[in-house]
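S.K.: sequence below, structure please.
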Amino acid sequence: MRPNCIAIPQIVLPAPSVDMQAWAVIACDQHTSDAAYWEELEKTVRDKPSTLRLTLPEIYLGGDISEKLAAISSAMEKYKREGVFRNLPPGFILTERKTPVSPVRRGIVLAVDLEAYSYEQKSDALIRATEATITERIPPRLKIRESALFEFPHIMVLYNDPQDTVLGPYRNAPLETLYDFDLNMGGGHIRGKFLQNVEPMLDAFGALVRDNLLFMVGDGNHSLATAKAAWEKIKQGLSAEERKAHPARYALCEAVNLYDEGIRFEAIHRIVKNVDAEKFASGLAAKNGKCVCALYVRGKKRPFMLGSDAPDAVGEADKYIAEYISKFGGEVDYIHGEEDLRRLTEDSSSVGIALPKMDKADLFPLVKKHGSLPRKTFSLGESEEKRYYIEGRSIVK
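M.R.: Okay, the predicted model is just below:
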């Protein structure tokens, strides 16, 4: 039976003349403390058509973003006017992604129905958040989406398919190759193939629904929450029939099997800046638990124990950070990779918290039992493995 949370999108790709290496850039929520990464990317892209002009890296999200929003909207209109975009027939794109740390990750670019998604902490929706959603983070992202003609998402949803019933039949299928290129900035290689006859795949997805659950959001939770918030505003002025057909009701994403060999859960570490590092570290190290964690002060590692399991350790660390900052000041950021964490804590006013990684087999049972996990409990691989913006979709009527 076809699940009612999946829609067949008409995907937008760049025209064949576009340099795909300049076009595709990494998810906007990566390298949020590494300005050098984005400066180097600017040099790589230069004035070529690029999704760097259609999205807003979160490192630049603070303060007045009105000029940046206008530039994004202008770039979309310019690209549309100049024929940079091409529309595919309705269908899915099957992706194969290789990186220096993962031999292959396979996914399916499709659309999901936002009416079937909830980011509430406890939910029985077909599509559920895996982490707590910070509603305060939605408004600036909502401004971007409300002024956009197209969406270019980095959202990744996970489905529970240990027998590989959805993608397995297509591993050697003779499908049209849409793109095949090396990603910039060490992102590896990606290939996309077009699937127009999606009905058998929809049936396979339908057979995976358990306890009214099909997808859990693995990456881009706040982006999907923003799309939901935008749709909730738009639909207020629409009839029932208009709601069914409106493109803003749906969101483009990549669906990946939780048991795909390229899906590895990694920890997301915390760095706390502009604090007395020794004072902060001594207070957190005084706590105890069962999970091995580590503090980094002046680039030196100090192991300690925290929490009863990985999500609990994350929750306890975040609680301590919030309480400390409310009393003494400071700011927190989220880092992928322990070596990057160590490097960023070499100054005397920053302290890093290396947190444990979660077993991916625990994801569906934990969320079913407890609801969404603490924010940024896990990452799907390292920064370089994150989704690059390639595919888009029109979201205006």
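S.K.: for the protein, longest strand please?
M.R.: strand 102-113 (DSSP state E).
S.K.: show me what the next helix or strand after that strand is packed against.
M.R.: Using DSSP states H and E, the helix or strand that follows strand 102-113 in sequence is strand 117-118. Where contact means 3 or more Cβ pairs under 8 Å, 6 or more residues apart in numbering; DSSP states H and E, strand 117-118 is packed against strand 127-129. For glycine as for every other residue, the C-beta is placed from the backbone atoms N, C-alpha and C.
S.K.: the strand it packs on pairs with which strands, and in what direction?
M.R.: strand 117-118 (parallel), strand 215-219 (parallel) (DSSP bridges).
S.K.: okay, these in TSV with mean pLDDT next?
M.R.: Shown next, in TSV, are the strands paired with strand 127-129 (pLDDT from 0 to 100):
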stretch	mean pLDDT
strand 117-118	96
strand 215-219	93
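S.K.: of all those strands, which lies closest to A24?
M.R.: strand 215-219 (15.8 Å; Cβ to Cβ).
S.K.: the closest one: how far from the chain's middle?
M.R.: Distance of strand 215-219 from the chain centroid (Cα atoms, centre = their mean, to the nearest Å) equals 8 Å.
S.K.: can you start the count at 662 instead of 1 from here on
M.R.: I'll keep to 662 as the first residue from here, and by that count the last item is strand 876-880.
S.K.: following that strand, which helix or strand shows up next?
M.R.: helix 882-895.
S.K.: give the buried residues for that following helix.
M.R.: N882, H883, S884, L885, A886, T887, A888, K889, A890, A891, W892, I895 (16 or more other Cβ atoms under 10 Å).
S.K.: what lies in contact with that helix?
M.R.: 690, 773, 775-776, 778, 780, 790-792, 794-796, 798-799, 802-803, 805-807, 812, 814-816, 878, 907, 909-910, 912, 914 (Cβ atoms under 8 Å, 6 or more residues apart in numbering).
S.K.: now do that helix against strand 876-880, angle only.
M.R.: Helix 882-895 runs at 120 degrees relative to strand 876-880, counting by axes from the mean of the first three to the mean of the last three Cα atoms, to 10 degrees.
S.K.: now do the longest strand of the chain, average pLDDT.
M.R.: Strand 763-774 carries an average pLDDT of 96.
S.K.: quick one: distance of it to the chain centre.
M.R.: For strand 763-774, the distance to the chain centre is 12 Å (Cα atoms, centre = their mean).
S.K.: then stretch 804-817?
M.R.: That offset, for stretch 804-817, works out to 13 Å (Cα atoms, centre = their mean).
S.K.: got the CA positions of it in CSV?
M.R.: The C-alpha trace of stretch 804-817 is given here as CSV (Å, rounded to 0.1, in the frame of the first residue of the first chain):
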residue,chain,number,x,y,z
LYS,A,804,12.1,34.6,6.3
ILE,A,805,14.4,32.9,3.8
ARG,A,806,11.7,30.4,2.7
GLU,A,807,8.9,32.9,2.5
SER,A,808,10.9,35.0,0.0
ALA,A,809,12.1,32.0,-2.1
LEU,A,810,10.9,30.7,-5.4
PHE,A,811,12.6,27.4,-5.0
GLU,A,812,13.8,25.2,-2.1
PHE,A,813,17.2,23.6,-2.2
PRO,A,814,17.2,21.3,0.9
HIS,A,815,19.8,19.4,2.8
ILE,A,816,17.1,17.4,4.7
MET,A,817,17.8,13.7,5.1
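S.K.: okay, the angle between the longest strand of the chain and strand 876-880?
M.R.: Using the same axes, to 10 degrees, strand 763-774 lies at 120 degrees relative to strand 876-880.
S.K.: neighbouring strands of strand 763-774 in the sheet, and parallel or not?
M.R.: strand 667-668 (antiparallel), strand 753-760 (antiparallel), strand 911-918 (antiparallel).
S.K.: for the record, mean pLDDT for the shortest one?
M.R.: Strand 667-668 carries an average pLDDT of 98.
S.K.: between the buried residues of helix 882-895, which is closest to A683?
M.R.: S884 (22.4 Å).
S.K.: measure stretch 783-794 end to end?
M.R.: Terminal residues of stretch 783-794 lie 12 Å apart, using Cα to Cα, to the nearest Å.
S.K.: could you pull out the buried residues of it?
M.R.: S784, A786, L787, I788, R789, A790, T791, E792, A793, T794.
S.K.: ok, the fifth one - contacts?
M.R.: This means R789. Y778, S779, Y780, L874, F876, M877, V878, V1028, S1033.
S.K.: in the sheet, who's paired with it?
M.R.: S779, M877.
S.K.: now the nearest residue to L749 once chain neighbours are set aside: how far from L810?
M.R.: Excluding the flanking residues, the one nearest L749 by Cβ to Cβ, 6 or more residues apart in numbering is I672, at 4.8 Å. From I672 across to L810, the span is 15 Å (Cβ to Cβ, to the nearest Å).
S.K.: near F746, how many other residues are there?
M.R.: 19 (other Cβ atoms under 10 Å).
S.K.: now for the nearest residue to it once chain neighbours are set aside: which residues touch it?
M.R.: Among residues not flanking F746 along the chain, V673 sits closest, at 5.0 Å (Cβ to Cβ, 6+ apart). Applying Cβ under 8 Å, 6+ apart to V673 gives the contacts F746, R747, N748, L749, F811, E1052, G1053, R1054, S1055.
S.K.: report the two of those residues separated the most.
M.R.: L749 and F811 (13.4 Å).
S.K.: any idea how far the closest residue to G1042 other than its chain neighbours is from P1035?
M.R.: Using Cβ to Cβ, 6+ apart and skipping the chain neighbours, the partner closest in space to G1042 is R925 (5.3 Å). Separation of R925 from P1035 (Cβ to Cβ): 20 Å.
S.K.: and for W892?
M.R.: 26 Å.
S.K.: same deal with A696?
M.R.: 28 Å.
S.K.: now swap in Y981 and tell me
M.R.: Taking Cβ to Cβ, one finds Y981 at 12 Å from P1035.
S.K.: ditto for M862
M.R.: Distance from M862 to P1035, by Cβ to Cβ: 33 Å.
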